[in-house]
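Peer 1: give me coordinates for this.
(chains A, B, C and D)
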Number of protein chains: 2
Amino acid sequence: MSVPLYQAKAEFFRTLGHPARIRILELLSERDHAVHELLEEIEIEQSNLSQQLAVLRRTSLVVSHRHGGEVVYSVSVPEVRDLLLAARSILSGIIASRGELEAELTSSTRR
Amino acid sequence: MSVPLYQAKAEFFRTLGHPARIRILELLSERDHAVHELLEEIEIEQSNLSQQLAVLRRTSLVVSHRHGGEVVYSVSVPEVRDLLLAARSILSGIIASRGELEAELTSSTRR
DNA sequence: GCTTAATATGAAGAAGTTTGCAAGTAATGT
DNA sequence: ACATTACTTGCAAACTTCTTCATATTAAGC
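Peer 2: Presented below is the predicted three-dimensional model:
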């Protein structure tokens, strides 16, 4: 296994490690969106959105096409959707067990 | 969908966004390892490894058990393995198409 | 050609992460 | 008890990422 693979993987995950970028990918995995449409859905400054889109473009997770006045973005890798779903299920598992633990620690049945 | 979910997802991915942490998870998803065993596999200072393990512990992705003199780590969420595999396949897709592109741009068949 | 809407880029400060070092705790062998 | 091996923690310096503001680019409508 080539040495810098871990590096590449880490970078890939770091790309996903931002709330705005996650939302962008979720919106785009439903359907293509123009930038101003994304801007309506996501609570973020215009230039910031543009920066986050640039990050996703750099890692080739999305591609953009000019369509008249608008720039339309789409996910270039459909499997990203599965990855987001997998992450969601892992996360909810973790949150659920954390919740149980907390409930146990907080409950008056013991302590 | 609760508002801070994107936040939680982003944090989750950020946890995976470090080469050492990826390697740790890959090693642990093969089998449990004591810290000094991980240390042999991963090129990193001992205290740094410990910090990265702490990060993974905080997010509940791994758990540790003292076993005599050693501390043994294990993945607490088996699905992490699938996630890493999914990421690998997406990544290699991206890298492959980037490679093609580069080959095209570099090749003397055009330009 | 000028204005406007849509998007991108650059730069600077704030915030967050990583790393290495020194010091701390814990169990084990002698 | 003391040295040793195995690990963790605290902290400051170096580095990376985020956010915002101002400024550029690009196409469309008048």
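Peer 1: and the biggest helix by length in chain A, what other elements does it pack with?
Peer 2: In chain A, assigned by DSSP state H, the helix with the most residues is helix A:80-106. When contacts are defined as 3 or more C-beta pairs under 8 Å, 6 or more residues apart in numbering or on different chains; DSSP states H and E, helix A:80-106 packs onto helix A:19-30, helix B:5-16, helix B:80-106. Yep, even glycine has a C-beta here, placed from its N, CA and C like the rest.
Peer 1: which residues touch the nearest residue to A:Arg98 once chain neighbours are set aside?
Peer 2: Among residues not flanking A:Arg98 along the chain, B:Ser60 sits closest, at 6.5 Å (C-beta to C-beta, 6 or more residues apart in numbering or on different chains). Listed by C-beta atoms under 8 Å, 6 or more residues apart in numbering or on different chains, the contact set of B:Ser60 reads A:94, A:97-98, B:76-77.
Peer 1: take the helices and strands packed on helix A:80-106 and write them to a markdown table, including distance to DNA strand D.
Peer 2: Formatted as a markdown table, the helices and strands packed on helix A:80-106 follow (distance: least, C-beta to the nearest atom of the strand, whole Å):
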| stretch | distance to DNA strand D |
| --- | --- |
| helix A:19-30 | 6 |
| helix B:5-16 | 7 |
| helix B:80-106 | 16 |
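Peer 1: wait, which of those helices is closest to A:Phe12?
Peer 2: A:Phe12 lies closest, by C-beta to C-beta, to one member of the helices and strands packed on helix A:80-106: helix B:80-106, at 5.4 Å.
Peer 1: count of neighbours near the closest residue in space to A:Ser29 that isn't next to it in sequence?
Peer 2: Of all residues not flanking A:Ser29 in the chain, A:Arg81 sits nearest, at 4.3 Å (C-beta to C-beta, 6+ apart). A:Arg81: 15 surrounding residues under other C-beta atoms under 10 Å in any protein chain shown.
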